[in-house]
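Participant: Sequence and predicted model, in that order:
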Amino acid sequence: MAATLLAVMLLPVAAVPAAAPAATPPTPAQPRLLVLDFTAGLGMSPDLAKLLANMAVTRMKEIGQHEVVAMADVQAVLQVEQNRQLLGCGEEQCFAKLGDALGAQVLLVGNVTRLGGRAVLTLKLIESEQARLRNQLTEELPNDESELGEAMRVMSYKLLSLPVPELEKPWYKKPWVWGIVGGVVVAGAVTGYLVSRPPEAPDAALGTVVLDD
């Protein structure tokens, strides 16, 4: 009887369905940013322009505010004639048409030229829907090719009007590493001196005193 009563009491509880978990709101899609092939001015290498464009793609992906697409990834989408016509113009309206054709809300345009004996890079950020220039940045490039990546990192943050985070130093350039290395060197020098020092004579070490008869 007690078992039957307990089953009747628990029946309504078991019949109530468990509450469904709250649905997670969908993550808003990031705006697509298309990095066009950079152009090289008179006397500048097209290979340098290509290198800088690839660096821009990498840096924009690292920042993470856009879905970044390189021009090389979408070449097959365009018809040959349309591609040739669109890439041949330099006005914001023409770039906007290209962005609309590829579903990109933002375009990044770059041109490297020589000014006063120095290589200068100009970056433009264009909103394709409004055919509007959002931001433009022109800076000198370092002569050392190994420093181009850092220069592009800084320019990418500036172009997006974001604060430039401080670049973390490699482990071998951190002060505490050299503190440890210095301590090891000093300890090794002291140990080497003690090991290589000739042993003292027993009498001298004990300070023996000789008495006259």
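Facilitator: Ah, there it is. In this text, all values refer to a predicted model and were calculated from it rather than measured experimentally.

Participant: Quick check: buried residues in stretch 153-165?
Facilitator: Neighbour-count burial for stretch 153-165, counted by 16 or more other C-beta atoms under 10 Å, picks out Arg153, Met155, Ser156, Tyr157, Leu159, Leu160. Just so you know, the C-beta spots here come from the backbone N, C-alpha and C atoms, and that holds for glycine as well.

Participant: And the pLDDT for the fourth one?
Facilitator: So that's Tyr157. pLDDT recorded at Tyr157 is 98.

Participant: other SSEs contacting the helix or strand that contains it?
Facilitator: Tyr157 belongs to helix 148-159 when assigned by DSSP states H and E. Helix 148-159 sits against helix 46-63, strand 118-127, strand 132-140, with contacts defined as 3 or more C-beta pairs under 8 Å, 6 or more residues apart in numbering; DSSP states H and E.

Participant: tell me, how many neighbours does Phe38 end up with?
Facilitator: Neighbour count for Phe38, taken as other C-beta atoms under 10 Å: 25.

Participant: show me what contacts it?
Facilitator: The contact partners of Phe38, taken as C-beta atoms under 8 Å, 6 or more residues apart in numbering, are Ala49, Lys50, Leu52, Ala53, Ala56, Val109, Gly110, Asn111, Val112.

Participant: Show me which of the residues you listed are buried.
Facilitator: Judged by 16+ other C-beta under 10 Å, buried ones among the contacts of Phe38: Ala49, Leu52, Ala53, Ala56, Val109, Gly110, Asn111, Val112.

Participant: For the second one, which non-adjacent residue is closest in space?
Facilitator: Spelled out, it's Leu52. Nearest residue to Leu52 in three dimensions, chain neighbours excluded: Phe38, at 5.3 Å (C-beta to C-beta, 6 or more residues apart in numbering).

Participant: Then the third one?
Facilitator: The spatially closest residue to Ala53, leaving aside those adjacent along the chain, is Phe38, at 4.2 Å (C-beta to C-beta, 6+ apart).
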